[in-house]
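1. make a model of this:
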Amino acid sequence: MTSADGSWDQAWADALGALELDVAEAETMLAVDHVFSATVRDPWTPPTNLGPLPAHLVERARTLLGRQLDVSRQLADAARNSRRHDRAVSHLKAGTATPPVYIDTPA
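-> Below you'll find the model as predicted:
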């Protein structure tokens, strides 16, 4: 189903490439534990009129999907940890939590 000018393959390659860049940015932010991009992006919308995925791009698409799922899990974990941290800090600021007590005892 390849068009004579290869635009069908290139359209799919471009779509996958754009998604790969987004995943790479998220992976980098997770790796350095810091959100460094304040750029507000438009919500992603799937490309239209691409037709079926070319067979030679299937493995690339599967790999990308795996990376997206992994990043999604990591982002969910980071959000959960952030909420826990925020709750702990708010309790400390409000004075509702008992600070830890350390007792020095001979060994």
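
2. and Val35, what pLDDT?
-> Note on Val35: pLDDT of 68.

3. scratch that, Pro52 is what I was asking about
-> At Pro52, pLDDT is 91.

4. now Thr2
-> Model confidence at Thr2 (pLDDT) stands at 46.

5. do the same with Asn81
-> Reported pLDDT for Asn81: 88.

6. ok, how many other residues are close to it?
-> Residues near Asn81, counting by other Cβ atoms under 10 Å, number 10. The C-beta positions use only the backbone N, C-alpha and C, and glycine is treated the same way.

7. how about the helix or strand where it lies: buried residues?
-> Using DSSP states H and E, Asn81 sits within helix 58-94. Residues Arg60, Leu64, Arg67, Val71 are the ones in helix 58-94 that count as buried (16 or more other Cβ atoms under 10 Å).

8. a markdown table for the residues you listed, including distance to Asn81 and pLDDT?
-> Formatted as a markdown table, the buried residues of helix 58-94 follow (distance: Cβ to Cβ, whole Å; pLDDT from 0 to 100):
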| residue | distance to Asn81 | pLDDT |
| --- | --- | --- |
| Arg60 | 32 | 96 |
| Leu64 | 26 | 97 |
| Arg67 | 21 | 96 |
| Val71 | 15 | 94 |
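
9. which one among the residues you listed gets closest to Trp8?
-> The shortest separation between Trp8 and any of the buried residues of helix 58-94 is 15.2 Å, and it belongs to Arg60 (by Cβ to Cβ).
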